[in-house]
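**Student:** No sequence on hand, only this structure:
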């Protein structure tokens, strides 16, 4: 048979800031970080709305450690921290109770702010000529 082989793309999506059981929604601006958010909005959303788990007190967190499987800041870092060794170090320190949710959220705020502001800067540099060149229909060539 001379047909193309089928393919499948598996994508893991970012959870909503309120946790894996919540949904991201454009109608709820606090459920996600948007590419149009400012640094201040990112900081407020992460600090105020990012779910950190079920530890009620500092003492309980120190005894049991953070739960990376439900902590949204850590879950987001699995997408945005490119250094696997650094991510593992953060996981170990947070899971041991030595790092608190505010500290892991601060790491995430810095990473997300850099990504979002970089996107906004690049978006501003797009001209009508670039858009026109990208959108112009052209013949596709396949070399099979």
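**Tutor:** The structure has been received and is ready for your questions. Values in this document were obtained by computation on a predicted structure and should not be read as measured data.

**Student:** Can you name the element that comes right after the worst-scoring helix or strand of the chain on mean pLDDT?
**Tutor:** Least confident element among the helices and strands of the chain, by mean pLDDT, DSSP states H and E: helix 58-64 (a mean of 91). Counting by DSSP states H and E, the next helix or strand C-terminal to helix 58-64 is helix 72-80.

**Student:** can you list the residues that contact that following helix?
**Tutor:** Helix 72-80 is contacted from outside by 14-15, 17-20, 46, 50-52, 66, 68, 87, 90-91, 94, 101, 104-105, 107-108, 111-112, 115, using C-beta atoms under 8 Å, 6 or more residues apart in numbering. Every residue, glycine included, has its C-beta placed from N, CA and C.

**Student:** swap in stretch 90-102?
**Tutor:** 47, 52-53, 55, 58, 61-68, 71, 73-74, 77, 81, 103-104, 107.
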